Each structure stands twice: as C-alpha cells, then as structure tokens.
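Student: Got a predicted structure here, sequence first:
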Amino acid sequence: MATEVLMPKMGLTMTEGTIEEWKKKEGDAVKVGDVLLSVATDKLTNDVECDTDGTLLKILFGEGETVACKTVIAWIGSAGEAVPGVSTASAPAAASAAPAVTAAPAAAPAATVAANRAPGGFVLATPYARKLAKDKGYDLSQVPGTGPNGTVVAKDVESFVAGPKTSPMAAKLAAELGVDLNSLNANGRVMKSDVLAAAGKTAAAPTAVPAAAAPVLGSNDEAPKKVNPLRRSIAANMANSWHTSPRVTYTHPVDATAMKDLRAKLKDGLKEQGIKLTYNHILMKVVAKALTEFPDINSSFADNMLTHHTHVNMGLAVSKGDGLIVPNVKSADSKSLAEIAKETEKLIASTRDGKIAMEDMTGGTFTISSLGPYGITNFSPIINQPELAILGVCDMVDTPVVRSGEIVIRPMMNLCLTADHRVVDGVMASKFLKRICELLENPYMLLV
C-alpha cells in the first residue's frame with residue numbers, strides 16, 4: 001500500500017513550507033534515511049528524510065511551490081503500485097502510447113474534470129499553479145489537473161501553456177479581459193492585437209514615433225527572479241511592521257569607557273572557560289536588566305490589549321547570506337553574563353551553519369541590532385513584530401568631550417531606540433534609553 005509523504009511541521013509557528021528542491025525524482029528507489037527533499041520556511045531550509053523504503057511513485061507539488069503543513073506532497077510505495085487519485089509513474093508513458101481508455105485509466109479522470117468545468121468557474125488548484133496560470137493569462141478551468149481529486153498543480157499549467165507562445169502584454173490583457181489564449185488561432189506568437197480582436201476590441205493605431213524617442217523598457221535589466229524564502233519573509237515582516245507600528249527613533253550617546261574596561265577585565269577569565277566575551281553580550285545583559293524596570297516595553301500589543309512578558313527573551317540580529325535572522329536567548333534577565341555570552345555564541349554558530357531550531361527564533365520580546373562593526377554611527381532599526389521596540393547599536397568613535405571642565409577623548413557610541421508609539425511614548429522611551437546608558441557607564445549598578 002502506498003505511503004503518503006506530508007509537508008512536515010517543523011516548529012510550533014510553522015503553517016506552510018516551500019519546496020526548495022526535490023533530491024529524488026519520480027521512479028527513484030528510496031530507503032529510510034535518504035534525503036527526499038529540502039523545505040524552506042520563513043527562516044530556515046531543512047532536509048526532509050524518507051521514513052520508509054520503496055519507490056517514489058508520484059510528486060504532487062513541484063519546486064518553488066508553497067504548501068500547507070500536513071498536506072500530501074508525494075507518494076512512496078512499490079514500483080508500479082497505483083496511487084489513490086493519482087496516476088503512477090508509468091502511467092504517462094502508457095497514456096502517450098495509445099489513445100484507448102484501457103491504456104491510461106488514471107489519466108481519464110483529470111481530463112474529464114477539465115472538460116466538465118464551467119469556463120472561469122472555481123478550480124481546485126495549488127497557490128503556485130494559480131499564480132502561474134494568472135501570469136500566463138490562462139483560464140484554470142481549461143487546465144486538466146493531475147493532483148489529488150483533480151487538483152491543478154504547477155506541472156499541469158506548465159504542460160498546458162507549452163502550446164502557443166504569448167507576448168507578456170498579450171498574457172496580461174488576456175487575464176484582464178477573460179480571453180482564453182488556447183482558443184486563439186494565431187500564427188505563431190500570440191500578440192496584443194490577437195487578444196483584443198478575440199475580446200471584440202480594436203487596437204488603437206500606433207502613432208509613429210522616432211526610434212530614438214521610443215522607450216525601451218527593461219533594456220538595461222536582467223530577467224527578474226524570485227528571491228529566496230528568507231528574503232521573502234524579511235520583506236513581508238518589514239512591510240507588516242512598517243504598517244503596524246507608528247514608530248519613533250530616539251538616539252542617545254553613551255560613553256563606552258566603562259564597558260570597554262569591564263570587557264578587558266573579564267575576557268581573559270571567561271576565555272579560560274571557553275567563552276569569548278563581546279560588547280554585544282554586555283549590552284544584552286544591561287538591556288535585559290533595564291527591561292525588567294520597564295515592563296510595558298517588554299510586552300506585546302494587539303486588539304487594544306497589552307500583554308506583559310514574564311521574562312526577557314533577548315534577540316540579536318545575525319547576518320546569514322543576504323538576510324538577517326534573529327535568534328533569542330530565553331530568560332536573559334535571569335542569566336549571568338557568562339551564560340548569556342555562551343548561549344549567544346552557540347545561537348550565532350547554529351544560525352550561520354543553518355542548524356538553528358525554529359524554537360530559538362520564536363518568542364522573542366526585544367531585539368538588539370548592531371551595525372557598529374560596519375562604521376555606522378546612526379540608523380533607525382525597524383521593530384521586529386510583535387515586539388514593541390528595538391535597539392540599534394552604533395560604532396564606537398573616539399570623540400572629544402568635556403569631563404570635569406576639561407576636554408578629553410572618550411569612546412562614544414550612539415544607541416538608537418525605535419519604539420512603537422502606540423504603547424511606548426516619548427517620555428517612557430527616553431527614560432528607558434537613559435537607564436541603559438546609566439548602566440553601561442556604571443556597570444557596577446548591575447550588582448545593586
């Protein structure tokens with residue numbers, strides 16, 4: 001009996017995954033432990049291993065398709081075994097060999113589904129198949145589906161649109177005017193005029209324009225390509241944050257002399273324990289302490305309800321490839337500086353190795369983003385939803401300042417706090433930022 005392969009749920013917050021690559025193809029023999037495919041989530045790409053021996057009979061969703069968790073994405077069984085509602089790997093060859101019904105029993109239901117659909121009516125299809133059909137200007141009701149229960153998948157659309165070639169403008173117009181491109185008897189490439197004629201409209205006569213004046217759109221552009229799931233997630237989250245939080249950024253300079261001295265005195269002792277102490281670790285400890293004094297900032301806000309978080313789960317933005325991932329140290333407010341340093345470095349290593357767990361990236365209550373190593377002296381970080389604030393850390397710059405009536409050189413560093421003004425108004429944000437600076441300039445206050 002054939003076994004289902006489901007889109008795995010790899011974390012409490014995961015609702016869907018994108019198939020990045022199939023490591024096996026239909027008809028391949030597989031065994032327990034073989035990597036079957038790689039699945040990309042908002043933050044991670046994970047390999048999915050096979051949990052049964054057999055033959056990969058059918059792949060239901062192609063690479064690049066986004067599928068809900070626990071959805072059947074493939075079938076594994078004995079070679080030649082029938083798959084419920086889906087043609088077997090050998091069926092396509094049999095179907096092409098002869099048109100007789102007995103030669104391809106599994107292919108008939110899909111064709112019948114397409115034939116019986118009302119033009120423009122609802123069609124059971126995967127999201128990616130819908131997008132593909134829309135981009136190409138095709139009516140999904142005319143596409144035979146080979147997925148479960150006649151579902152139209154990407155492969156069906158690809159196969160269907162392999163007929164007449166269509167210009168981008170013609171495809172766009174066909175989608176807008178409801179014209180079935182397959183019904184057009186165009187010689188060669190389907191053009192804008194063919195679609196307008198089918199829609200009962202006449203294309204306006206082109207106005208003569210000197211060749212030099214005619215705009216050539218995209219002449220200096222490469223073909224657009226879909227960005228990876230991480231970048232798509234960042235884009236969606238940042239757009240959501242931008243439209244959700246009325247944000248204000250507050251900047252406060254801090255004298256980093258005491259912080260540098262603290263690190264210098266502690267780093268050798270911690271190094272013997274295998275811990276590399278950085279300024280970020282000290283900042284995380286200090287900010288966690290300050291957040292316990294400002295519980296409204298260590299909160300979430302939704303539906304006019306403010307939820308205070310019992311502990312500070314301190315996130316640190318970590319670069320990975322062309323994006324950022326924010327793992328967080330759970331209960332940082334109750335951990336020592338050494339514990340924060342050790343756990344943070346472990347999370348950073350796991351992030352850059354692609355082995356970070358979903359649980360390590362969820363549940364954060366506050367985020368620190370440091371651009372100091374890149375020489376940035378001021379910036380406005382965007383809040384990591386559903387948090388209410390984020391702290392931007394800038395470069396330390398030797399700066400002449402006045403101390404006790406004398407001009408001296410001190411390592412000054414700007415801290416930039418972006419806060420959600422729905423909850424964190426200017427006074428609260430200013431007091432919180434001032435408290436962080438007080439603790440950094442006199443870290444002995446952490447002991448009080």
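Tutor: Cool, got the structure.

Student: Does Asp360 touch Ala349 like I think?
Tutor: No. Under the criterion of CB atoms under 8 Å, Asp360 makes no contact with Ala349, lying 11.6 Å away. C-betas here are computed from N, CA, C, even on glycine.

Student: between the two, who's got more neighbours?
Tutor: Here Asp360 and Ala349 are compared on neighbour count by other CB atoms under 10 Å; more neighbours surround Asp360, at 24 against 12.

Student: Which per-residue confidence value corresponds to the residue lying closest to that one once chain neighbours are set aside?
Tutor: Using CB to CB, 6 or more residues apart in numbering and skipping residues adjacent in sequence, the residue nearest Asp360 is Pro327, 4.6 Å away. For Pro327, the pLDDT comes out at 94.

Student: domain parsing for the chain?
Tutor: Following automatic domain parsing, one finds the domains of the chain at 3-89, 111-198, 229-447.

Student: Out of these, which gets the lowest mean score?
Tutor: domain 111-198 has the lowest average pLDDT among these, namely a mean of 68.

Student: now stretch 381-398: how far from the chain's centre is it?
Tutor: Centroid separation for stretch 381-398 versus its chain: 21 Å, with CA atoms, centre = their mean, to the nearest Å.

Student: Any chance of a markdown table for the domains of the chain, columns distance to Asp221?
Tutor: Shown next, in a markdown table, are the domains of the chain (distance: least, CB to CB, whole Å):
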| stretch | distance to Asp221 |
| --- | --- |
| domain 3-89 | 22 |
| domain 111-198 | 13 |
| domain 229-447 | 18 |
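
Student: And the ones you listed: which comes nearest Ala223?
Tutor: With CB to CB as the measure, domain 111-198 is the member of these nearest Ala223 (11.4 Å).

Student: before we move on, back to that, now do the contacts for the residue nearest to Asp360.
Tutor: Gly315, Leu316, Val318, Leu347, Ile348, Ser350, Thr351, Ile356, Asp360, Met361 (CB atoms under 8 Å, 6 or more residues apart in numbering).

Student: Could you tell me how far the second one is located from Val393?
Tutor: Yep, that's Leu316 we're talking about. As judged by CB to CB, to the nearest Å, Leu316 and Val393 stand 10 Å apart.

Student: residue ranges for the helices of this structure, please.
Tutor: 91-97, 107-116, 127-136, 154-160, 168-177, 192-198, 229-244, 257-271, 279-293, 337-353, 426-441 (DSSP state H).

Student: where do the contact lists of Leu316 and Val393 overlap?
Tutor: Common neighbours of Leu316 and Val393 (CB under 8 Å, 6+ apart) are Asn280, Ile368, Ser369, Ser370.

Student: Hmm, Leu371 and the first one touching each other?
Tutor: Going back to what we said before, that points to Asn280. No. In this structure, Asn280 is not within contact of Leu371 by CB under 8 Å, at 11.7 Å.

Student: what's the overlap in contacts for those two?
Tutor: Val393.

Student: What residues sit buried inside stretch 302-322?
Tutor: Judged by neighbour count (16 or more other CB atoms under 10 Å), stretch 302-322 contains these buried residues: His309, His311, Val312, Asn313, Met314, Gly315, Leu316, Ala317, Val318, Lys320.

Student: Just the endpoints, please. Distance across that stretch?
Tutor: 31 Å (CA to CA, to the nearest Å).

Student: repeat for stretch 294-312
Tutor: Across stretch 294-312, first to last residue, CA to CA, it's 11 Å.

Student: Next one: the residue nearest to Asp360 from Pro229, what distance?
Tutor: In terms of CB to CB, Pro327 sits 17 Å off from Pro229.

Student: now swap in Glu222 and tell me
Tutor: 21 Å.

Student: cool, Val423 as well?
Tutor: As judged by CB to CB, Val423 and Pro229 stand 31 Å apart.

Student: Ala223 too?
Tutor: Counting by CB to CB, the gap from Ala223 to Pro229 is 20 Å.

Student: which of those two has more neighbours?
Tutor: A count of neighbours by other CB under 10 Å puts Pro229 above the other of Ala223 and Pro229, at 21 against 5.

Student: List the contacts of the spatially closest residue to that one that is not a sequence neighbour.
Tutor: Once flanking residues are discounted, Pro229 sits nearest to Ala40: 3.8 Å by CB to CB, 6+ apart. Taking CB under 8 Å, 6+ apart, we find Ala40 in contact with Gly17, Thr18, Ile19, Glu20, Asn228, Pro229, Leu230.

Student: rerun at 6 Å
Tutor: Taking CB atoms under 6 Å, 6 or more residues apart in numbering, we find Ala40 in contact with Thr18, Glu20, Pro229.

Student: Please verify my assumption that the first one contacts Thr66.
Tutor: Just to be clear, that refers to Thr18. Yes. The pair Thr18 / Thr66 is scored as a contact, 4.7 Å apart, by CB atoms under 6 Å.

Student: More neighbours: which of those two?
Tutor: Relative neighbour count places Thr18 above the other of Thr18 and Thr66, with 21 against 17, counting by other CB under 10 Å.

Student: Pairing partners for that one in the sheet, please.
Tutor: Residues in a beta bridge with Thr18, per DSSP bridges, are Ala40, Thr66.

Student: what's near enough to touch it?
Tutor: By CB under 6 Å, 6+ apart, Thr18 lies in contact with Ala40, Thr66, Pro229.

Student: Where do the strands of the stretch 301-448 of the chain begin and end?
Tutor: Remark: strands assigned in the stretch 301-448 of the chain by DSSP state E, counting those that start in this stretch are 305-308, 314-316, 318-320, 323-325, 328-329, 366-370, 389-403, 406-420.
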